[in-house]
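okay, sequence plus prediction incoming.
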Amino acid sequence: MPSMNEDDAASMTEQLENRLVDSIEDHEGVSRRSVLGGLALAGGSAITGIGAAQSGNESGGNATSGHDASFGTPGKYTEKNFDPHGYLREFNTGDSTNKRDAIFGKKDDLNAGVSEENGQTVREFNLIAVPQEIEIAPGVTFPSWTYNGQVPAPTLRVEEGDLIRINFTNAFADMAHTIHPHVQNLNPAMDGVPQNGPGAIKPGETFTYEWQARPAGTHLYHCHMLPLKAHIHRGMYGTIIIDPKPEKVRENPRDYIDYHGPITDEVREMAVERAKSRNMISHADYVPDGYDDIDEMVMMMNGFDTNFDADNEVYAANTRAFAYAPATTHKYEGEWEGGKTKHPIEIKKNNLQRVHVIQTLEYDFVNSFHTHSQFFDYYDAGTTLFPNRSTIDTVMMCQAQRGLFEIDYSDHQPGLYMFHGHQSEFAEQGWMSFFEVTE
Amino acid sequence: MTDTPKSDGGVARRQKQPFGLPRWVMGVVPIVLLVLLVGGFVMTTPLAGLQTGEPLPDVGISQTSLPNDHTIRLQVTNNAPEPITISQVRIDEANWGFSISGSDNTLAPRESATIDIPYNWMEGYDYDVGLIAADGTTFPVTIEAAQLTTGLTGQVVGTLAFVGFLIGVVPIALGMLWFPFMQSMSEKWLNAVLAFSAGVLGFLVFDAGFDVFESAGDVPSVFSGPMIAVLGIAGSWLVLQAIMDWRNDGEESRLSIAYSAGLAIGLHNLAEGLAIGTAFATGRSALGVFLIIGFMIHNVSEGPVVVAPLADGKRPALRHFVALGLLAGAPAILGGWIGSLSQSPLLSTLFLAIGIGALLQVVVDIVDMVRRSGSIRSAPNMLGFAIGLVFMYGTSLIAG
């Protein structure tokens, strides 16, 4: 529900009370006092709710009022170096039509251009390894190792069959890094491991990686330097989305369908339509019927071991604990008051939600994704055009496992709908989020 | 007594100083040089090259309490030489809201604060509570078998006074009733009683000695708890010894030994009261009837200890007996109150240490007294000492 000002709510309550009193006053034996007294009893919990929420706000970040309200991380995020809300829907395609500079307020020339070479589209990116302190819970910073100063690293989005060219610079003073892609890479020198090709890219060095964009799907890239656990846990991971090419789907539909029966023309065309719907970020002209309002977002499930004892203290989707949760939830009707830096993901109920979920949690074996009051279709690794599992509300994912989630809230009432990792420990230490479904 | 003075009366032995400088100048010169040295060291920082990293953050959680069924309270101290910011709190691996006493979440070096966490804890459960600092460092503490912390209410004041009276004043008064019987004893057997007293006190030295170093472990590390224990023991022993020797003249010395024994036992009972008060305040009071009876039997031997030094001579005025009884017993009440109020490991350690020092001093005096009137190693004396130790051990089993 759109947030309502507390003062407005109070004055409206008063008006309603007065109207009720006026309408009843004419009846014999009913006093104004008794009506108001009854209202006070009935409304006691609501009034208490308002009072508690207000006192909670007045006392700043720390103090909490009711017991229910004390859950979560008190306080607000103050560092502006990474915004999970901006990151959520930021897709970099190599050209300059994306919103990256606007979102991050700084130009890092990540998108280095799109060109043609030997009949192949080349999408070029500049990635730079830099250390960066990132605020992962209100008031708690983490000494991250990053690509382009952010955790997760920038999302790269290309079309199947493209060449992905990464100009990688290691700007660390004292540590080597690599970039290892989870794609069908045909050249061992481009695998981004210390033992192959250029090996470890030393401080100050630059190397250009080139990867074939295949197969279509939601993939991962990360540093493969040793010790591996440290380089991944510190934040050197990002998403590569490879959109399926409709022509290739029409030619070889079996490559995209996890199904062994006959493929009719109908199924073939359905697959092509779905491929087009996946491809709208790069090709707005593809928009097929029935897919005209798809809201795509990226969530990397991650965590941080703040005291370096190989056990995470903070869990999140996209780095910041509770970043997509309401800052304060009232005790009545689930209304919430958003903080400036912690608030739900606002979605329109008639838009299909397509979420790219990537599991990059280190130090825990598995993570999971669970939606409240809702079921979704799941495409493992996003490599198929029809769901591998339909109508589930929880999926378990191992490290580096990723998938597409398609969620439809069109028949739900507007309001807050929670989603979170269904390991209680993860949820209660930050991996808990909300969609705010609006009309 | 000889005519030779023990002291030179503070007259300087030699006036002449090098270069004919006045004496005070030569006294001050090393201090001036030291100030110059330290100043120069600070100004020039010659060890800058050895600087490796920052000191580790260190927040000590000195006390946890559960003041009501929806609050967990922590007393914390910043032990490190750098300020530290407490950014988040978690309970059983879940983030939770909290409030810190004072203006903000940052603790200056040595600053202490109270952290209140609104949490509906359940009785008997264990809770892992952890602080997360701004740099991600964590400071954990475990609350075992959660129980309500009562604090110092009117009822607690009354109950602790009653308990303190029962285990402090009453048994000592009972024990003092042996005085007429002791007066009738031969010197040999009276010495054995004194040796028994020394055994009792010796047991208490070890008993409290183990406790004081356990308590010292809970003191925030910035205050060096074990050294507080050592300084407290040595300091109180030496100060009491100096006072005793200073006013050591004839018959009064027996009374003064009695008083110092009373004081020593009083300090010991103060520490005992502290422990009881803290147990009460932190909800760990299992002070059943049996325990109180155990303490009474245990402490009854402290009565003869106080009056034994007086048995071999004129009976002092009765008011001395009343004063001795109160001096030795009443601090148990006071300790109970202090303990339930402050719940401070620092105070407990300090009081325990002072008590031990006083006990040691009395043991030394009693041994002196016995030695002056015969052989210290006579069989009755050795037996008395051993019985004192064993008696206390036996009754301590009852008292838990």
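Thanks, I have the structure now.

which pLDDT value goes with the closest residue to A:Pro246 other than its chain neighbours?
Spatial nearest neighbour of A:Pro246, excluding adjacent residues (C-beta to C-beta, 6 or more residues apart in numbering or on different chains): A:Ala275 at 4.6 Å. Backbone N, C-alpha and C define where each C-beta goes, glycine included. On pLDDT, A:Ala275 comes in at 92.

same question, B:His298
Predicted confidence (pLDDT) for B:His298: 71.

same thing with A:Val395?
With respect to pLDDT, A:Val395 has a value of 97.

are we agreed that it is in a helix?
No. Counting by DSSP: H, G, I helix; E, B strand; the rest coil, A:Val395 is not found in a helix; it is strand.

quick check: it touching A:Thr371?
No. A:Val395 lies out of contact with A:Thr371 (C-beta atoms under 8 Å); the separation is 9.7 Å.

burial of residue 377, as a residue count?
Using chain A here. By other C-beta atoms under 10 Å in any protein chain shown, 18 other residues sit near A:Asp377.

you looked at the wrong chain, it should be chain B
With other C-beta under 10 Å as criterion, B:Arg377 counts 9.

can you check B:Ile91 too?
As a burial measure, B:Ile91 scores 19 neighbours (other C-beta under 10 Å).

which residues does it contact?
B:Ile72, B:Ile117, B:Tyr119, B:Tyr127, B:Asp128, B:Val129, B:Gly130 (C-beta atoms under 8 Å, 6 or more residues apart in numbering or on different chains).

again with A:Ala427
Contacts of A:Ala427 (C-beta under 8 Å, 6+ apart): A:Tyr315, A:His420, A:Gly421.

contact partners for the first one?
Spelled out, that is A:Tyr315. Neighbour list for A:Tyr315: A:Met301, A:Asn302, A:Gly303, A:Ala321, A:Leu361, A:Gly421, A:Glu425, A:Phe426, A:Ala427, A:Gln429, A:Gly430, A:Trp431 [criterion: C-beta under 8 Å, 6+ apart].

ok, 6 Å please
A:Gly303, A:Phe426, A:Gln429, A:Gly430, A:Trp431 (C-beta atoms under 6 Å, 6 or more residues apart in numbering or on different chains).

likewise the last one?
Applying C-beta under 6 Å, 6+ apart, we find A:Gly421 in contact with A:Asn367, A:Ser368, A:Ala427, A:Trp431.

per-residue pLDDT, the third one?
In the predicted model, A:Ala427 carries a pLDDT score of 95.

and the lengthiest strand in chain B, how far out from the chain middle?
Under DSSP state E, the strand in chain B containing the largest number of residues is strand B:59-68. Chain-centre distance of strand B:59-68: 21 Å, with C-alpha atoms, centre = their mean, to the nearest Å.

okay, now the sheet partners of it, with direction.
If you go by DSSP bridges, strand B:59-68 pairs up with strand B:71-78 (antiparallel).

could you point out which element follows the strand it pairs with?
Counting by DSSP states H and E, the next helix or strand C-terminal to strand B:71-78 is strand B:84-91.

buried residues in that next one?
B:Ile84, B:Thr85, B:Ile86, B:Ser87, B:Gln88, B:Val89, B:Arg90, B:Ile91 (16 or more other C-beta atoms under 10 Å in any protein chain shown).

who's the first one bridged to?
I take that to be B:Ile84. Counting by DSSP bridges, B:Ile84 is bridged to B:Leu107.

looking at it, it is touching B:Leu107, isn't it?
Yes. In this structure, B:Ile84 is within contact of B:Leu107 by C-beta atoms under 6 Å, at 5.4 Å.
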